[in-house]
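**Student:** What follows is a predicted structure for the sequence shown.
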Amino acid sequence: MSELYIGLMSGTSLDAIDAVLVDFADGIRLAGTFSMPLQSALRQRISVLCCSGTDEIEQMGRLDRELGEAFAEAALGVLASSERQPHEVKAIGSHGQTIRHRPQGAHAFTLQIGDPNTIAERCGINVVADFRRRDIAAGGQGAPLVPAFHAGIFSHASRHRIVLNLGGIANITLLPAGHPEAVSGFDTGPANLLMDAWSMTCRGRAYDADGEWAASGDINKPLLEKLLAHPFFSQPAPKSSGREDFNPAWLEQQLASLGARPSPEDIQATLLELTARSVADAILGLSLDHGDLLLCGGGAHNSALWHRLAELLPQWSLASTADHGLAPDWVEATAFAWLARQTVKQLPGNIPAVTGARGPRVLGCIYPA
Ligand SMILES: Nc1ncnc2c1ncn2[C@@H]1O[C@H](COP(=O)(O)OP(=O)(O)O)[C@@H](O)[C@H]1O
Ligand SMILES: [Mg+2]
């Protein structure tokens, strides 16, 4: 007997909707994968909604429905590619698309859109969505939510491990050897989102494949120092980040405050160094000082970034999560299939030590088929 769930994920990179079909009958097995690139016009409309602007409610309402359709298409895509029927699936866990994440201050909030009603209607499958807001209501950051899942599959009895997810934003999960229950983690800052934006501005390319363009430039130290002075980096955990903290307008301000503007490739080299340094500094500040560093997310394919992380973290042995049973591109979507299953079983999905919530909570809301 199989126990099938679908996970749907679209992160801050706005690159694609990732869909996985996961079988939990005997551990965790990927039974199908499907990725649906976001068209540039849609990507543009999402990024507009990520900052304050005019007519936001109307735009959000429309985009919520449109993304609901897109998420449904991705769920049906993974079913078709794995030759399964909707009635075989227990539930879809849909992260949604974050358009605002403000975890600090009074009335902290986070907002993910992609109407779950539309997904349930189109697919005829139960949908679990809105995972983050219960954690925020309980005083947490609402993020990161993947560490509980990481602890379940990547912990090791005698080796310390850190899982590093390099999406638009980077987050780490700490897994002390032999103590999967002592899991912790937080966002370290930008992974790809600034590099992607700069690559698009200067070269019209959605990302710098393998970090080749960055590798052709030189790090600009004055710029790097300005970027590393962002207050997020010195903020203590629990903490989480997004496009609100790191975006092209912020980068432009830092560039404008420099005496001379570096060349485009030097800026890209400096942005890659910012990602590597902020991740490495976060890891070097931990009580764990050696072990395995497991990379996932699209940034795991950036060999220039990988190389720089290896140099900055000589005590850590770098590996792809693929070497530990789950390919880097599917880890997050699989986590949302797992989180949906937690909700269906009325089990908590958050880890209070990670998010800062007052306690463990059953996350999300179920939209019946
Ligand atoms: N071959 C590659 N070289 C460099 N970067 C890559 C490569 N493949 C993917 N990426 C990066 O990974 C990003 C997508 O990663 P992903 O884990 O999907 O992030 P998110 O969860 O934010 O959507 C892309 O936007 C790109 O920056
Ligand atoms: Mg993505």
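**Tutor:** Yep, that arrived. Ligands and ions are numbered 1, 2, ... in the order given.
**Student:** any weak-confidence spans in the stretch 51-200 of the chain?
**Tutor:** The model of the stretch 51-200 of the chain has no residue with pLDDT under 70.
**Student:** Let's see that with 90 instead.
**Tutor:** Residue ranges of the stretch 51-200 of the chain with pLDDT under 90: 180-181.
**Student:** Would you state the helices of it in chain order?
**Tutor:** 56-81, 116-123, 132-137, 147-154, 193-203 (DSSP state H, counting those that start in this stretch).
**Student:** neighbouring contacts of the second one?
**Tutor:** The one in question is helix 116-123. 8, 65, 68-69, 71-73, 75-76, 79, 86, 92, 94, 96, 125-130, 365, 367-369 (CB atoms under 8 Å, 6 or more residues apart in numbering). Glycine gets a C-beta too; all of them are placed from N, C-alpha and C.
**Student:** do the third one as well
**Tutor:** Residues from elsewhere that reach helix 132-137 (CB under 8 Å, 6+ apart): 103, 108-110, 112, 141-143, 145, 350, 355, 357, 361-364.
**Student:** For PyMOL, what selects the buried ones among the contacts of helix 116-123?
**Tutor:** This is how PyMOL selects the buried members of the contacts of helix 116-123, with burial counted by 16 or more other CB atoms under 10 Å:
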select buried, resi 8+68+71+72+73+75+76+79+86+92+94+96+125+126+127+128+129+130+367
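**Student:** Restrict the contacts of helix 116-123 to those that also contact ligand 2, please.
**Tutor:** Within the set of the contacts of helix 116-123, contact with ligand 2 (CB under 5 Å from the ion) is found for no member.
**Student:** Could you find the closest non-adjacent residue to L274?
**Tutor:** Nearest residue to L274 in three dimensions, chain neighbours excluded: L227, at 4.8 Å (CB to CB, 6 or more residues apart in numbering).
**Student:** Repeat that for Q315.
**Tutor:** H290 is the one closest to Q315 (CB to CB, 6+ apart), at 4.0 Å.
**Student:** I'd say that neighbour and I162 touch.
**Tutor:** No - contact criterion CB atoms under 8 Å: H290 and I162 do not qualify, at 10.3 Å.
**Student:** what do the two both touch?
**Tutor:** Contacts common to H290 and I162, judged by CB under 8 Å, 6+ apart, are W316.
**Student:** who has more neighbours, the two?
**Tutor:** I162 (24 against 12; other CB atoms under 10 Å).
**Student:** about what we covered before: what residues does the residue nearest to Q315 make contact with?
**Tutor:** By CB under 8 Å, 6+ apart, the neighbours of H290 are 160, 315-316.
**Student:** Next, the buried residues of the helix or strand in which A335 is found.
**Tutor:** Using DSSP states H and E, the element containing A335 is helix 331-344. By 16+ other CB under 10 Å, the buried positions in helix 331-344 come out as 331-344.
**Student:** tell me the contacts of A335?
**Tutor:** 7, 9, 145-146, 149-150.
**Student:** Now do it against ligand 1, distance only.
**Tutor:** 11 Å (CB to the nearest ligand atom, to the nearest Å).
**Student:** Please apply the same query to A269.
**Tutor:** Where ligand 1 is concerned, A269 sits at a distance of 14 Å (CB to the nearest ligand atom).
**Student:** now that residue, nearest residue through space, not along the chain?
**Tutor:** A269 sits nearest to G217 (CB to CB, 6+ apart), 3.5 Å away.
**Student:** same deal with L313?
**Tutor:** A280 (5.4 Å).
**Student:** same thing with V344?
**Tutor:** Distance criterion CB to CB, 6+ apart; nearest residue to V344, sequence neighbours excluded, is A91 at 5.4 Å.
**Student:** Nice, that's everything, thank you.
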